[in-house]
Each structure stands twice: as structure tokens, then as C-alpha cells.
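Novice: for reference, the sequence and a predicted model appear below.
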Protein chains: 2
Amino acid sequence: MPEAATAPAARATIGDSEFDRDTALTRRAPGIYDIDLSAGWTIISAVNGGYLLAVLGRALADALPHADPFTVSAHYLTASQPGPAVVRTDVVRTGRTLSTGQASLFQYDDEGREVERIRVLASYGDLDTLPDDVRTTARPPAIPPLEQCFGSEDGPAPVPGSSAITDRLMLKLDPSTLGWALGQPSGKGEMRAWFGLADGRDPDPFSLLLAVDALPPTAFEIGLKGWVPTVELTVHVRCRPAPGPLRVSITTRNLAGGFLEEDAEVWDSADRLVAQSRQLARARLG
Amino acid sequence: MPEAATAPAARATIGDSEFDRDTALTRRAPGIYDIDLSAGWTIISAVNGGYLLAVLGRALADALPHADPFTVSAHYLTASQPGPAVVRTDVVRTGRTLSTGQASLFQYDDEGREVERIRVLASYGDLDTLPDDVRTTARPPAIPPLEQCFGSEDGPAPVPGSSAITDRLMLKLDPSTLGWALGQPSGKGEMRAWFGLADGRDPDPFSLLLAVDALPPTAFEIGLKGWVPTVELTVHVRCRPAPGPLRVSITTRNLAGGFLEEDAEVWDSADRLVAQSRQLARARLG
């Protein structure tokens, strides 16, 4: 009997997974990278903002002398589509423990002119050199065990549109933040989920950039419908994540004047707060 | 008797105040501005990061078709000193409701070469066109009345170094977050204060950029001492502030690996959440 028939499905590894292949760039010239944005990370027809952040994050990891994103600030300009794109990076400053860079992702209009999609400023370092000290009052999100949470495979699509990205994620939503999917939003701006990559690849700093923008909008639980486009998103990576599923908690406290913030926390299997993010997004009031 | 002797001290107004004069730029060429960074906004010898953000914010307000900062992301590269500086701006995208720009502040080394101090990406709009809708679960900070809070004029300098900036601010700290000044830090990463400009000028979006980085570091209440340099700071301006003093609340939940976040909220006299910010800063563990 061939070994493959009895062996469990092989888990993808960091560096050899869907996510790594779909965020890999080709260096055209120093600091300039080509990529074909995958249609596998779309929501409805738009490319997911966290996937784009991971693409830009990998370009800067190549361009800068430090490999790990510590803080990445992204301003979203126009909606990206699957297909060819170019990333242009600029080294702003290199230091002993931190380096700062800038990167822009461009696509092409009908006449082949570059159209800027997203611009980021980011500071990179080496997560493995940080001391182990932790003094925290933050607590992991209160979320039921993974097997009591719900994904798109568990029933009538809780994630609307059932877009391509849902096939690439292991996303299990806390039932207490799923009221919107049953037409009964809680009114609280909270969303919680277990998060991983569907092929079993363990988390790393780049998949954290994806994780912070992968859940349904908190606006759904406030009773809003429709698209909630990101204006700006900043991520802090605080620690290299341990193997295993992540827990992601997103909170919106203030919806005002047609804008809302989404604050995300990402916790790893070792109960460490591995990433924090905040985004400003537009809300369609109705 | 001359009128000035009996009239109450004139309150400065928006556009005619210390803060406005010290953040005013001279346009050298389209998108390029000169400024003499005032020694009036220093802490020890370094220029305050919020003052710098206001300078960059005003440059972008001139360079962009929209006047109000909605979200400003700043990466701090090298420490600024009082004296000449140049701000170079770049219009990234102009839209109907939002425009995005980039700005860098440079100073000069001994040979007159430009050294970049800080770079920002920012999206601007018009706060006065936003709808009045507010759905919020955020509550104003629990802080005693202004007259029960303490400033540098109320006793042995609670703000260490008694730097120039303290003369330009009306900063009254909540006594329950002042333990550090008495050698008894609470261990909680909280700092709360009433905030205004000493000359009575009312708040506007640019003074909000100052307000989010004007309190003593939360690290002092965690028991750390010394400098807590900002790596990255992002501000969201959510509403044009009403006249009168502001309340500022800053929270640090996670100090780990030599870095900490500072989350600030700014509330106006009408009980509106007018700004939110988060910064990543380095902590000196000891």
C-alpha cells in the first residue's frame, strides 16, 4: 500500500504553503518587485487588505536589513484586483536594532499606466533578539473551544459572499458574535474567531498581517450592511507566534460621522499577545 | 487706569496663539516648507513628538486639497532639536472626500546635509461634512474635576525635568495616576489628565495631534524610569473638538520584549470622543 494512502494529510510548512506561494515576489531590480496578485485571497471581487499587507511586508523584509515587521502603517488608496502588480520600496533609515522603509503597490490601468493601490511605512527589527520580559494586563479573548465555533463549512454561509479567501483560511467564529449571520446582530461591535491557514501552515509575522484583517467586519454586529473599506491600518507585531491556531478579537467602540475604528488583538497558542492593530474604516450608515 | 490692568487676561484664539505661531511654516516652493522648530515645546532637550506631528499636519493641510487630518501615521527616525527644519510633502492621491499625502521633516547635520527626523503618511478630509451619527460604547475617562487634578505649578515638579513644554500646556494630572511622582507607581499602565493650551486657545484638529503625545509616559506608572522614545504613532481625528478643556486618557496593557503600546483617547467638553491614537514605544527595562 503506498505510504500516502495511510499517512495523514501533509501539513504545509512556513515557506512552502499557499500563503507563501501567493505572497512571493520576483525582484525585477533593487527594491522593485513583481507579483501576480492571487484571486485566491479575494472577498467578493476585491483583494483582501491583509493579504496585500503581507505582500508589502515581504517586499520590505527583502529590501531592509531586518527581517521582521515590528510596526506597519498602511494607507489604502484604490481597490486592488487579482493580477499583475509591482511593489516599489524605499529604504528610509537603517539602524542597529530597527530599520524603516516605505513601500507602494501599483497595478495598471487600461493604458498600462501605474495606479497606486496602497502605500505603507514600516519599521522592522529582529523578533528573536527581544528580551523575554512580559508585563501585561491584557487577557486572551473569551472565546469557546475551537470545536464549538463556526466556519463557512458548518452551515449556510456565515461569511457572506463565500469568497475565495474562505477556502484558504481556517476561520471559526465565536457563536456569540455571529448574530448578524442570523439577522440578529447583537449591537455590540465585537467579532472573535479562531484563525489559521487552511493548509495547516503555522503562523509567522507575515500571516499575522493577514490575520488582523480577515474576520467579517464588526460593523455587521452593529447592524450595518455592505462594504466597510479600510482607510488606514496599522499593525504592531509584538512577538513571534508559537505554532498552532491563533485567536483574533476585534472591537469597535466608536462609530461616528460615517467612520469607525476596528481594534484587533491576536493571541497565539502560548497565550502571548502576538499582534495588535487598529484600522480606520468607512461605514455605510443606513 | 489703562484698560489692560482691569480686563481679564486675553485668551488666545485659534490662528493667533503660541501654538499657531510655533507650528507656522513658510512655503519655500510648492510642497516644500521651512520652519524654525521652537525650543518652547521641548521635553528635557528633545522636541516633543506631538508638536512635530502638528507641524507636519499643518504642512499637509496646505499641500492637500482637504484641510483636516483624519488619520496620520508617523514613524520617528531620529531625535529632533530646536532650530531650522524643512518639511517636504508629496500628494499621494486626491479624492472627493479623502486625500492622502506624505511628509518628511528634515534637519541639518554639521555639514549642512539633510537628516530625516520623522516621516508621515496621512489621509485628510473635511470634518464639517461628516454626518452627526454617533453609535458608541466608549465612555469618557473617569477623571476628577479639573480643580482636583495636579499640574507642575501645584508642587514639586510632578512632570520630571520641568521642561519648556510644561509652560505652554494646561496639563492637570489625575492624582490616581500620579503615584510615580511620589515614588509609588501604581503598577497600572494608566495616565489621565485635563489638557489645554496655557494661553487659553481652544482645541482644533492640530492641537489634538499634540494632545495625544503630551502626557508623562504610562511607563512611569508601571515603574519604569527614563526615556520612552516613540517608534510609530498613529492618530485618528474623529470629530472637530468643541471649545474648552480636553480630557486625555492613556493606557498601556502590554509591555513585552522592550516595547510597549500607548493607546490614547481624547474627549472634548461636549463628551465626544474626538481623537484616538496608538503608539509603539521602546521601554528601557530595568
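Specialist: The structure has been received and is ready for your questions.

Novice: residue in the stretch 151-286 of chain A nearest to chain B?
Specialist: As assessed by CB to the nearest CB, chain B sits closest to A:Gly257 within the stretch 151-286 of chain A, at 3.2 Å. Every C-beta, even on glycine, is put in place using the N, C-alpha and C of the backbone.

Novice: so A:Thr166 sits in a helix?
Specialist: Yes: read with DSSP: H, G, I helix; E, B strand; the rest coil, A:Thr166 is one of the residues of a helix.

Novice: and the lengthiest helix in chain A, what's buried?
Specialist: Determined from DSSP state H, the single longest helix within chain A is helix A:49-63. Going by neighbour count (16 or more other CB atoms under 10 Å in any protein chain shown), the buried part of helix A:49-63 is A:49-61, A:63.

Novice: where does the stretch 1-150 of chain A have low pLDDT?
Specialist: Along the stretch 1-150 of chain A, the parts satisfying pLDDT under 70 run over A:1-9.

Novice: which stretches of it form strands?
Specialist: Ranges of strands within the stretch 1-150 of chain A are A:26-29, A:32-37, A:42-43, A:46-47, A:68-76, A:83-94, A:99-108, A:114-125, A:134-136, based on DSSP state E, counting those that start in this stretch.

Novice: quick one: the fourth one to chain centroid distance?
Specialist: Just to be clear, that refers to strand A:46-47. Chain-centre distance of strand A:46-47: 13 Å, with CA atoms, centre = their mean, to the nearest Å.

Novice: what pairs with it, parallel or antiparallel?
Specialist: Sheet pairing of strand A:46-47 (DSSP bridges) gives strand A:42-43 (antiparallel).

Novice: again with the second one
Specialist: Based on DSSP bridges, the pairing partners of strand A:32-37 within the sheet are strand A:26-29 (antiparallel), strand A:83-94 (antiparallel).

Novice: how about the CA coordinates for that strand, as CSV?
Specialist: The C-alpha trace of strand A:32-37 is given here as CSV (Å, rounded to 0.1, in the frame of the first residue of the first chain):
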residue,chain,number,x,y,z
ILE,A,32,11.4,46.8,-7.2
TYR,A,33,9.3,43.6,-7.1
ASP,A,34,6.7,42.0,-9.4
ILE,A,35,3.9,39.8,-8.2
ASP,A,36,0.7,38.4,-9.7
LEU,A,37,-1.9,39.1,-7.0
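
Novice: what's the neighbour count on the residue in the stretch 101-250 of chain A positioned nearest to chain B?
Specialist: When scored by CB to the nearest CB, the stretch 101-250 of chain A has A:Leu130 as its residue closest to chain B, at 3.2 Å. Residues near A:Leu130, counting by other CB atoms under 10 Å in any protein chain shown, number 18.

Novice: the one 4 residues further on now?
Specialist: Around A:Val134 sit 14 other residues, with neighbours defined as other CB under 10 Å.

Novice: bridging residues for it?
Specialist: B:Ala256.

Novice: how about the residue of the stretch 101-250 of chain A closest to chain B, what does it touch?
Specialist: A:239, B:256-259 (CB atoms under 8 Å, 6 or more residues apart in numbering or on different chains).

Novice: A:Leu25 too?
Specialist: With CB under 8 Å, 6+ apart, A:Leu25 has these contacts: A:33-35, A:55, A:58-59, A:62, A:87.

Novice: just name the closest of these to chain B, please.
Specialist: Nearest to chain B out of the contacts of A:Leu25 is A:Val87 (CB to the nearest CB; 15.4 Å).

Novice: surely that closest one touches A:Gly101?
Specialist: No: look at A:Val87 against A:Gly101 with CB atoms under 8 Å: they stay out of range, at 11.1 Å.

Novice: helix, strand, or coil at the residue most central in space within chain A?
Specialist: Nearest to the geometric centre of chain A sits A:Leu210, at 1.6 Å (CA atoms, centre = their mean). Using three-state DSSP, the three-state assignment for A:Leu210 comes out as helix.

Novice: what's the nearest residue to it if we skip its chain neighbours?
Specialist: A:Gly50 (4.0 Å; CB to CB, 6 or more residues apart in numbering or on different chains).

Novice: up against chain B, what does the stretch 1-150 of chain A have?
Specialist: A:70-71, A:73, A:75, A:77-78, A:92-93, A:98, A:100, A:102, A:116, A:119-123, A:127, A:130-138 (CB under 8 Å from any CB of the partner chain).

Novice: 7 Å instead?
Specialist: Residues of the stretch 1-150 of chain A found near chain B (CB under 7 Å from any CB of the partner chain) are A:70-71, A:73, A:75, A:77, A:92-93, A:98, A:100, A:116, A:119, A:121, A:123, A:130-131, A:133-138.

Novice: give me the buried entries from those.
Specialist: In the residues of the stretch 1-150 of chain A next to chain B, burial by neighbour count holds for A:70-71, A:73, A:75, A:77, A:92-93, A:98, A:100, A:116, A:119, A:121, A:123, A:130, A:135-136, A:138, counting by 16+ other CB under 10 Å.

Novice: pretty sure A:Gly257 is touching B:Cys239, no?
Specialist: Yes: if you go by CB atoms under 7 Å, A:Gly257 and B:Cys239 touch, sitting 6.4 Å apart.

Novice: how long is stretch A:24-34 from one end to the other?
Specialist: Criterion CA to CA, to the nearest Å; first-to-last residue distance in stretch A:24-34 is 9 Å.

Novice: cool, and stretch A:120-134?
Specialist: By CA to CA, one end of stretch A:120-134 lies 29 Å from the other end.

Novice: ok, A:Pro203 - contacts?
Specialist: A:Pro203 makes contact with A:241, A:246, A:268, according to CB atoms under 7 Å, 6 or more residues apart in numbering or on different chains.

Novice: what distance do you get for it to B:Ala211?
Specialist: Using CB to CB, to the nearest Å, we find A:Pro203 at a distance of 36 Å from B:Ala211.

Novice: do A:Leu280 as well
Specialist: 18 Å.

Novice: okay, these two: which has more neighbours?
Specialist: Remark: of A:Leu280 and B:Ala211, B:Ala211 carries more neighbours, 28 against 24, as counted by other CB under 10 Å.

Novice: wait, that one sits on B:Leu246?
Specialist: Yes: using CB under 7 Å, B:Ala211 makes contact with B:Leu246 at a distance of 5.7 Å.

Novice: what residues are shared contacts of the two?
Specialist: B:195, B:266.

Novice: enumerate the residues of the stretch 151-286 of chain A near chain B.
Specialist: Close to chain B, as judged by CB under 7 Å from any CB, the stretch 151-286 of chain A has residues A:189, A:222, A:231-232, A:234, A:236, A:238-239, A:253-259, A:261, A:273, A:276, A:278, A:280, A:285.

Novice: contacting residues around the spatially closest residue to A:Leu197 that is not a sequence neighbour?
Specialist: Spatial nearest neighbour of A:Leu197, excluding adjacent residues (CB to CB, 6+ apart): A:Phe19 at 5.4 Å. In this structure, A:Phe19 makes contact with A:197, A:201, A:207, judged by CB under 7 Å, 6+ apart.

Novice: most neighbours among these, please name it.
Specialist: Most surrounded of the contacts of A:Phe19: other CB under 10 Å gives A:Ser207, at 26 neighbours.

Novice: just to check, that residue is in contact with A:Leu197?
Specialist: Yes: using CB under 7 Å, A:Ser207 is in contact with A:Leu197, at 6.4 Å.

Novice: what about stretch A:209-228, start to end distance?
Specialist: Stretch A:209-228 end-to-end distance (CA to CA) = 18 Å.

Novice: and for stretch A:264-283?
Specialist: 17 Å.

Novice: ok, stretch A:25-44 next?
Specialist: Start and end residues of stretch A:25-44 are separated by 24 Å (CA to CA).

Novice: A:Leu233 against A:Gly50, yeah?
Specialist: No: with contact defined as CB under 7 Å, A:Leu233 does not count as touching A:Gly50 (8.3 Å).

Novice: how many residues are close by A:Thr13?
Specialist: Neighbours of A:Thr13 using other CB under 10 Å come to 12.

Novice: shouldn't it be in contact with A:Asp204?
Specialist: No: at 10.5 Å, A:Thr13 does not count as touching A:Asp204 under the criterion of CB under 7 Å.
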